[in-house]
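Chemist: quick one, structure for this:
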Amino acid sequence: MKRNDDFKERRKHLADLSESELESKFWELAEKIMDPVVDLAKKNTTPSIERSVIMRMGFSSIESKAIVEGVIDRGLMGKGAGNVLYKLSKDKNLEIRETGLKLLDGELWDRAIELFNGGGKSEH
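Modeler: Now for the predicted structure:
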């Protein structure tokens with residue numbers, strides 16, 4: 001099976017564009033292609049992903065598991081455990097590690113819920 005070469009026909013709508021206009025068009029289309037992926041990433045996460053994020057913020061596997069479980073228990077999973085930890089540390093003007101250790105000690109959870117208007121228990 002031979003494919004007809006229709007490149008010249010398919011590129012007619014691009015033929016009069018400058019190099020910078022073509023580059024802008026490329027990035028516009030690339031962003032459009034990625035919109036559903038970005039949307040999916042914003043709306044979906046898993047405990048495993050969140051533990052990985054927390055570990056990259058400087059916590060051990062055991063610590064990250066406990067922090068993520070705390071996030072889940074308080075209905076904040078949809079906000080992202082790393083995001084909860086980060087925003088809480090900024091709100092309290094604490095280092096991220098210090099904030100996480102306080103969460104592990106049972107402190108600051110009420111403030112985390114206030115910051116994110118936490119709801120019921122997450123399904124994750």
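Chemist: so what's residue 71 up against?
Modeler: 50, 77, 79, 81, 84, 112, 122 (C-beta atoms under 8 Å, 6 or more residues apart in numbering). (C-beta placed from N, C-alpha, C; glycine too.)
Chemist: how close does it sit to residue 65?
Modeler: Applying C-beta to C-beta, to the nearest Å, the value for residue 71 to residue 65 is 11 Å.
Chemist: SS state for the most centrally placed residue in the chain?
Modeler: What sits nearest the mean C-alpha location of the chain, by C-alpha atoms, centre = their mean, is residue 42, with 5.2 Å. With DSSP: H, G, I helix; E, B strand; the rest coil as the basis, residue 42 sits in helix.
Chemist: in contact with it, which residues?
Modeler: Counting by C-beta under 8 Å, 6+ apart, there are no residues that residue 42 touches.
Chemist: and the contacts of residue 71, which of them are in helices?
Modeler: Those of the contacts of residue 71 mapping onto helices are 50, 81, 84, 112, per DSSP state H.
Chemist: among the contacts of residue 71, which one sits closest to residue 31?
Modeler: Nearest to residue 31 among the contacts of residue 71: residue 79, at 24.5 Å, using C-beta to C-beta.
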